[in-house]
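Asker: here's a sequence, model it:
(2 chains)
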Amino acid sequence: MSRILKSREFLVLLLLVVMILAVSNVNSAVLRPMTLINIVNSSLFLMLIAMGQMFVILTRGIDVSVGAIAGLSAVIFGFALNAGIPLPVAMLAALLTGMAGGMVNAIGVVFVGIPPIIMTLGTLGVFRGLMRVLTGGSWIESIPHNIKSLSVTRIFNIPMMVWGVSALVIIVAILMWKIRWTRNFYAVGDNLDGAYLLGINTRKTRFVAYVLAGLFSGMAAIVFVGQIGFVPMQTGDGQELKAIAAVVLGGVSLMGGTGTVWSAVIGALFLTTVDSMMIFLRIPGSWNDAVAGAVLLIVVVLDYLIRRMARNRLLAARSSEMLHGEDGTKAQTLEQTEQRQ
Amino acid sequence: MTRFGWLKSWEFMLLVALVVELAVLGMINPAFLNVQNLLFSTSDFVHVIIAAVGLTLIIMTGGIDISGVSLMGLASIILGLSFVAGAPIWLAVAVALGVGLLAGAFNGTVVANTDVNPLVITLALLFFYSGLATGLPTLLDMLGFKAYNAGGFEAYQYEGINGLPKSFTWFGTGRLGWVPMPLVVTIVLTLIAGWLLKHTRFGRFLQLIGVNPEAARYTGVPVKRTLITVYAINGFAAAVAGLVLTAYFTSARSDLGSEALLNIITAVVLGGSSIYGGEGSVLGTFLAGLVLGFLRQGLLSLGITSDVVPVIVGGLLIGTVAARIGMSALQRKRANRAAYETERGAMAAIGE
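Answerer: As a prediction, this is how the structure comes out:
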């Protein structure tokens, strides 16, 4: 229990609650259930691509093409629906597009050895360009209306989409907890060579991470099209950086090996909530990015300061133990403290 | 290096690539090879080169700063706002450049004093600076300043700030002899950055930090001071890029340059810098920027839509890095082979 309380996810969740309560002092409309549901609803897109991003960053990679993959998947999804293909098949097409995009990244990063940021920055341009070439630069409109039923239908006043994504989050969390293989993501990100020597198939693990990022971007595309009912050219524009910001905010380290699904979920919720709170505080929307950036910077720097303090305290404890221990036990104490770490 | 060793250098290959590119594009479309047009078309993309030159110095240290694209817009809007506030244009320019320098120094301070990945820090600051750039005009409205136009300062965000004096826009539209001013500014900055990197102790420090920051610290390199300085230089370069673009468009806008990130990083990497640090060339970045820019202009002149351009730029970025990885693998194989042969020769000699 105390581990949960000390975790970064919890810290950010706490900040989120404090922020909502603080704003409710100024404008009590914030606390209406409808408002909160709407915030969750509008965070779904970011949440999904952030979840995909999380797998890649766990393995110490980075994927800046997730927004572009989502855009491309949305275009394919829109084309499929307009061609009269039944909804489930169109969804499958969107997901496959996402996975194919992820696979391109995976091949470049894992098999050719291109640094992840370079590879995915390249595919960001490629996918985004492809999206414009495919559509000729115009929006895809006149998508059959039944697609919107997904987001308009509400169960207990909560949109279907929210239920769906929540179920997905819980399933992923359970899978990450129950399936031993998913530990490989952490092992590979924490120490690639060590994981290799342990007999983990590091290539397969990293490959799967990029494909998963693509798959989740495909899901995000479905949610996006379902919510707005058409595909604008800006679909997913700049979202890749937001997704990275969300997972980092939630406690995923770019150095790999730390973070959970909840990091992505809470990070995405936090960033979306910041945007909404600005509206309730009547601050112009043009300040959104400044606030989000400042929050991200403060959280990562605070996190560093806390870690440094913990480390310094540990070192101080160790040194005082060494100074006060008797000569004969000095070596032993050092050994013990090192083991305790 | 032998007498003709420079023929094998990456910069020379880029020069060859540039010439071949111009020749091929010229063969397809002879009108493209008009020297004057060619020179003037550089004004469309030199802001990428200016920002990339600054970034090259940072990438030498193994760091990265992606917030430069936001600093371009921030510098531009600060120049515009200072100008409409009544500051003389030289003061407005100084303020904008100063903000770029300070913002960069701030990035460097955070990077140097924490162990947080520079990508994360500058990602946060990318959002922060771009938010600041779009938010500033509305802040002035909220503080009760009076703008001269009807929509208040907020309108500047959509319309941009026009009416900048000729003495300033000359830096974007004027020329020195045959050479347009933006290109002159770019060349001057490239020369300065190249000199810094090759011929000063500071440049050596940058490389040392990139190769091994720990070793650099133990050999007495002032790591923190060097990092803060280099990030400040990058911020300054980004601000210059923003102002050149402002002068060229004769309008100050907060969203200038926001599309340039892919191109900037492509120019740096295509120019031969290693993203892991310790290896880089300002001249390479400059040439790569020209190759990329002319490629774009050439494709557009051939009637290819601008939608396809990012596909080609992205493909080029991936292709270059893949080719370099392949080349170094081949070299390693050859070196191993040579070492094996010498070893065998030596063993045979002992056997006799």
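Asker: does residue B:50 touch residue B:239 like I think?
Answerer: No - Residue B:50 lies out of contact with residue B:239 (Cβ atoms under 8 Å); the separation is 9.6 Å. Heads up, the C-betas are built off the backbone N, CA and C, glycines and all.
Asker: residues that sit against both of the two, list them.
Answerer: Counting by Cβ atoms under 8 Å, 6 or more residues apart in numbering or on different chains, residue B:50 and residue B:239 have no contacts in common.
Asker: which element, helix or strand, includes the residue nearest to residue A:127 when sequence neighbours are not counted?
Answerer: In space, and not counting its chain neighbours, residue A:127 is closest to residue A:68: 3.7 Å by Cβ to Cβ, 6 or more residues apart in numbering or on different chains. Assessed by DSSP states H and E, residue A:68 sits inside helix A:66-82.
Asker: just for the stretch 151-300 of chain B, where's the confidence low?
Answerer: B:151-159 (pLDDT under 70).
Asker: all helices of it, in order?
Answerer: Under the criterion DSSP state H, counting those that start in this stretch, helices of the stretch 151-300 of chain B are mapped to B:154-159, B:166-173, B:181-199, B:201-211, B:213-218, B:223-249, B:261-270, B:282-301.
Asker: and the ones you listed: which comes nearest residue A:253?
Answerer: Among those, the nearest to residue A:253 by Cβ to Cβ is helix B:213-218 (18.5 Å).
Asker: counting by contacts, list what that closest one packs against.
Answerer: Under the contact criterion of 3 or more Cβ pairs under 8 Å, 6 or more residues apart in numbering or on different chains; DSSP states H and E, helix B:213-218 touches helix B:201-211, helix B:223-249.
Asker: strands of the stretch 101-250 of chain A, residue ranges please.
Answerer: Counting by DSSP state E, counting those that start in this stretch, the stretch 101-250 of chain A has strands at residues A:154-155, A:158-159.
Asker: what's the last one packed up against?
Answerer: Which is strand A:158-159. helix A:33-58.
Asker: can we see that at 10 Å?
Answerer: Using 3 or more Cβ pairs under 10 Å, 6 or more residues apart in numbering or on different chains; DSSP states H and E, the elements in contact with strand A:158-159 are helix A:33-58, helix A:149-152.
Asker: of those helices, flag the one that's most buried.
Answerer: Most buried of these, by mean neighbour count (mean count of other Cβ atoms under 10 Å in any protein chain shown): helix A:33-58, with a mean of 24.
Asker: okay, the helices and strands packed on helix B:213-218 in a markdown table with mean neighbour count and distance to chain A next?
Answerer: Shown next, in a markdown table, are the helices and strands packed on helix B:213-218 (neighbours: other Cβ atoms under 10 Å in any protein chain shown; distance: least, Cβ to the nearest Cβ, whole Å):
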| stretch | mean neighbour count | distance to chain A |
| --- | --- | --- |
| helix B:201-211 | 19 | 14 |
| helix B:223-249 | 26 | 14 |
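Asker: alongside chain B, which residues does the stretch 201-341 of chain A contribute?
Answerer: Residues of the stretch 201-341 of chain A lying close to chain B (Cβ under 10 Å from any Cβ of the partner chain) are A:233, A:238, A:241-242, A:244-245, A:248-249, A:253-255, A:271, A:282-301, A:303-305, A:307-308.
Asker: filter those residues to the buried ones?
Answerer: A:233, A:241-242, A:244-245, A:248-249, A:253-254, A:271, A:283-284, A:286-297, A:299-301, A:303-304 (16 or more other Cβ atoms under 10 Å in any protein chain shown).
Asker: looking at the stretch 251-352 of chain B, which residue is nearest chain A?
Answerer: residue B:314 (3.0 Å; Cβ to the nearest Cβ).
Asker: that residue is in what secondary structure piece?
Answerer: helix B:308-351.
Asker: what packs against that helix?
Answerer: helix A:116-135, helix B:10-28, helix B:261-270, helix B:282-301.
Asker: mind running it again at 7 Å?
Answerer: helix A:116-135, helix B:261-270, helix B:282-301 (3 or more Cβ pairs under 7 Å, 6 or more residues apart in numbering or on different chains; DSSP states H and E).
Asker: so which residues make contact with the shortest one?
Answerer: Think helix B:261-270. Here helix B:261-270 makes contact (Cβ atoms under 7 Å, 6 or more residues apart in numbering or on different chains) with A:118, A:121, A:124-125, B:48-49, B:51-52, B:55-56, B:59, B:66, B:68-69, B:275, B:285, B:288-289, B:291-292, B:310, B:313-314, B:316-317, B:320-321.
Asker: in the stretch 201-341 of chain A, what residue lies closest to chain B?
Answerer: residue A:290 (2.6 Å).
Asker: what about that residue, which helix or strand?
Answerer: Using DSSP H and E, residue A:290 falls within helix A:288-324.
Asker: that helix - what's its average pLDDT?
Answerer: For helix A:288-324, the mean per-residue pLDDT is 84.
Asker: before we move on, what about stretch B:121-129?
Answerer: Mean predicted confidence for stretch B:121-129 is 91.
Asker: and the gap between the most centrally placed residue in chain A and chain B?
Answerer: Chain A has residue A:50 as the residue nearest its centroid, 2.0 Å off, counting by Cα atoms, centre = their mean. Distance of residue A:50 to chain B, computed by Cβ to the nearest Cβ, to the nearest Å: 13 Å.
Asker: residues of the stretch 101-250 of chain B that sit close to chain A?
Answerer: B:110, B:114-117, B:119-121, B:123-128, B:130-132, B:134-135, B:138, B:157 (Cβ under 7 Å from any Cβ of the partner chain).
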